[in-house]
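1. coords below, sequence missing:
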């Protein structure tokens, strides 16, 4: 077994990633892409934002470069930097420069986590200029028509520090994501995990119960992703109550009382 | 210590010393005689507690001393302590008479103590089960204890202790089944038929009610079997363990209508008419009783309240869409705009779609919860919910609670925060003892802040400079293994190294590193009556100086003042919240800080701890500006006040908060180290210097 090494801009998705549309988001994204508008995906964790991006990259036949932002991510991490090899300095493009050069889709996941200076390089790319100024090399990269910038953001975090600035958010076409409706969510869980209809119905119901607890001690209810995890465990023969405990309850909280309550809810369903 | 038992005479003297005020003609001789038979350690235990209880109430202490021999024969010392604490709690909550009852019923408590080992108390499990119920349907049902097991559809009432089964695990299962059953009554509409009226025409309504309950339990069991398989199975296991059945063999074949998935309470009523003369089956372990009249009262109140809330919410949603409405608009603004349709995708569930102008809209979470709750009661959202109730009737009624109303008897703990208080004599908390409310300081339109700035202009200038130096600045780190730019100094060095055959360093980059101060600080300002005059001025000036410094520094900060009178009226005055900027309004509030009443510190610290807990920061500080010991009207002074404050501070530290106290009380040395710890306080002897010193203290504290 060997891992396949690819340059990031060569990574193309060849098989259709499963994505069940919740509304008109596919058409909207395509329209934004054709009009060269950047896109902002809003929504809670695990509701399908990243999967949606993969699906769109496949649909639009563009390479997808995903950067998961973290609080140490700086502008140079995105644009590029000089490295030293055998006595000379060599410029190495960062993921953003690569994406612009290759006309790829650049997806900055959880953008609010990144350091504030990163917004400086996003802005000129996200308005009608569509350029990436590379201060250190003195270049100005002009984005080709195929280049597309997408960022994601979870408005559920109520911290003032993790809010998106107006000057940034007002450059984007915003697509709102939420947990799918029960019927659709059931379909997704079935498809992704391979459980039967009855189990999928119960898992979705369980998710609804945990979402009822949002604000009463849980920051978020169980996401579709967690349901799929639990479903996969169940499909491989794990007892449903155990699966719900390990894949969902324990992933949601560490609080002993909340954990007990969520476990009791799970045990009541199966 | 001598371990020989004390003689009756000696016991009598010591009991007399504790109980003197309660005696008035009674003797302790018999008490002493009864106690003389016990070993020394038990005698000392009784004497010690008699003394402690006597400080709360001597009558109770007398009763305890007289019941103690009986208690000692029946229980271990630890259980006796629990017995005492329960009696004291009852005294705190309900007064002397019920508390004495607890002491008198020693055998009852002893039996309960035996159950303790295997039983569960509602207090222990209500947290989990309340979350459990909320998870089930979203409506927030509260759990409270009562002698009966029933629900009024707002609250689920459970017995205080459940010990029917041999171990804790099983008893917890039983409680869960009880909660599940009561929840099912509210969720599957057991009370939607107007039960009182429906049963009145039977010759014996009491019997009809019980029979109805038995039949309804069968129906709910079938619904649970479909929707909550696991819970249903657990209920069946409980019935099997206790050898109970849901229905007698003679009903077989007669009750099929109840077991179909579409059954409603009407089916139960129909069957009740047919089976009325049958024998009543014994209730199952989680069934409890029904109180239709209490349900009706609760439902009526809730329907009225929710109707109002729902309309208000619709108005708000409309306002957000169309912009604010003119008050003079006489026409019903809601008319025809909203409609409700059943969601086709989810049959059999409570699922409705709210439409505005014919288009479905996504209501906010609270509105959705409200809709669900209305539908649970009424099965639908009636049309008149979607119109305004007459002229201006949609406007929200202001129901702001005023703390003063506590004294008028209008309400007590409603809408306030309840906190425990530590009683060091009992070594236990007094439960839900203090009632605290947050109130805004009335802003004072006076140029106090400007005046202070002027007065200390030169000092502020210096302050700014000092604090600017502290501010988290970008710092260029050299010789890094990775970074944004090439460190040419290091490169030249490495190049030279390489050419002379030495090993080349890998640290060739520079990196900008931001040293971020991640501090949240809470200032807790004494607003007691004793600060009147120049202390108050000094406090306000200090706050101005602090704000100036903190604005430069960029630390997050909040300012709250505290005062109050007795445990029923603890008040916390908001001056600046964490999420508020240092605005004109905040400055006016600082100017508006006035001396009020007393200083109950423990409850304030507990509440501020809670507020600080919600803030995300690496370092959290709680700084108290105080002028003396904790002190309140109802005995919150001396050791009691100090010990409670100390306990509250220990709780704060457990939450990762660093408490610190700045005081002007020259006697602070005697008690502050005990409360805050040896180094976590500072004394400013000269009040006038307080504004100068406070910022300096803060600087030292955070660097």
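-> It's in. As the structure is a computational prediction, the values presented were derived from the model and not from experiment.
2. and the residue of the stretch 1-150 of chain A found nearest chain B, what element?
-> Relative to chain B, the nearest point of the stretch 1-150 of chain A is residue A:76 (4.2 Å; Cβ to the nearest Cβ). For every residue, glycine as well, the C-beta is placed using N, CA and C. Assessed by DSSP states H and E, residue A:76 sits inside helix A:75-79.
3. can you give me the strands for chain A?
-> A:39-42, A:64-68, A:80-85, A:88-93, A:105-109, A:131-134, A:139-142, A:148-153, A:173-176 (DSSP state E).
4. if you could redo that for the stretch 1-150 of chain B, that was the one I meant.
-> Applying DSSP state E, counting those that start in this stretch to the stretch 1-150 of chain B gives strands spanning B:120-121, B:142-145, B:150-151.
5. where does chain A come near chain B, residue by residue?
-> When proximity is defined by Cβ under 8 Å from any Cβ of the partner chain, chain A lies next to chain B at A:74, A:76, A:81-82, A:84, A:87, A:89, A:115, A:136, A:159-161, A:181-183, A:202, A:205, A:209-210, A:212-217, A:241, A:257-258, A:260-262, A:264-270.
6. list buried residues within those.
-> Among the residues of chain A next to chain B, those scoring as buried are A:74, A:76, A:81-82, A:84, A:115, A:181-182, A:202, A:205, A:209-210, A:212-213, A:217, A:241, A:257-258, A:260-262, A:264-270 (criterion: 16 or more other Cβ atoms under 10 Å in any protein chain shown).
7. which helix or strand lies directly C-terminal to the lowest-mean-pLDDT helix or strand in chain B?
-> None of the helices or strands of chain B scores lower by mean pLDDT, DSSP states H and E than helix B:405-408, at a mean of 46. Proceeding N to C from helix B:405-408, the next assigned helix or strand is strand B:417-423, under DSSP H and E.
8. ok, and for that following strand, which residues are buried?
-> Across strand B:417-423, burial judged by 16+ other Cβ under 10 Å covers B:417, B:419-423.
9. against which helices or strands is the next helix or strand after it packed?
-> The helix or strand immediately downstream of strand B:417-423 is strand B:428-440, counting by DSSP H and E. Applying 3 or more Cβ pairs under 8 Å, 6 or more residues apart in numbering or on different chains; DSSP states H and E, we find strand B:428-440 packed against helix B:77-94, strand B:417-423, strand B:570-576, helix B:601-613.
10. out of these, nearest to residue B:437?
-> The closest of the helices and strands packed on strand B:428-440 to residue B:437 is strand B:570-576. By Cβ to Cβ, the value is 5.9 Å.
11. worst mean pLDDT among the strands of chain A?
-> Lowest mean pLDDT of the strands of chain A: strand A:80-85, a mean of 81.
12. quick one: low-confidence parts of the stretch 151-270 of chain A?
-> In the predicted model, the stretch 151-270 of chain A carries pLDDT under 70 at residues A:156-163.
13. where along it do the helices fall?
-> For the stretch 151-270 of chain A, the helices defined by DSSP state H, counting those that start in this stretch cover A:166-169, A:182-193, A:197-212, A:224-235, A:240-244, A:250-252, A:256-269.
14. which one of the buried residues of strand B:417-423 sits closest to residue B:154?
-> The closest of those, once distances to residue B:154 are taken by Cβ to Cβ, is residue B:417, at 21.0 Å.
15. now the helix holding residue A:76: how far from the chain's centre is it?
-> How far helix A:75-79 lies from its chain's middle: 20 Å, per Cα atoms, centre = their mean, to the nearest Å.
16. packing partners for it?
-> Counting contacts by 3+ Cβ pairs under 8 Å, 6+ apart, helix A:75-79 is packed against helix A:95-102, helix A:118-126.
17. tell me which of these is the most buried.
-> Burial of the helices and strands packed on helix A:75-79 is given as mean neighbour count (mean count of other Cβ atoms under 10 Å in any protein chain shown); helix A:95-102 ranks first at a mean of 22.
18. now do that helix against strand A:64-68, angle only.
-> Angle of helix A:95-102 versus strand A:64-68, following axes from the mean of the first three to the mean of the last three Cα atoms, to 10 degrees, is 170 degrees.
19. could you give the angle of helix A:95-102 to helix A:118-126?
-> Computed by the same axes, to 10 degrees, the angle separating helix A:95-102 from helix A:118-126 equals 10 degrees.
20. any buried residues in stretch A:70-78, and which?
-> Buried-residue list, stretch A:70-78, by 16+ other Cβ under 10 Å: A:73-78.
21. now that stretch: how far from the chain's centre is it?
-> Distance of stretch A:70-78 from the chain centroid (Cα atoms, centre = their mean) equals 17 Å.
22. how far does it stretch from start to finish?
-> The first and final residues of stretch A:70-78 sit 12 Å from each other (Cα to Cα, to the nearest Å).
23. dig out what residue B:340 forms beta bridges with.
-> The bridge-partner assignment for residue B:340, based on DSSP bridges, gives residue B:354.
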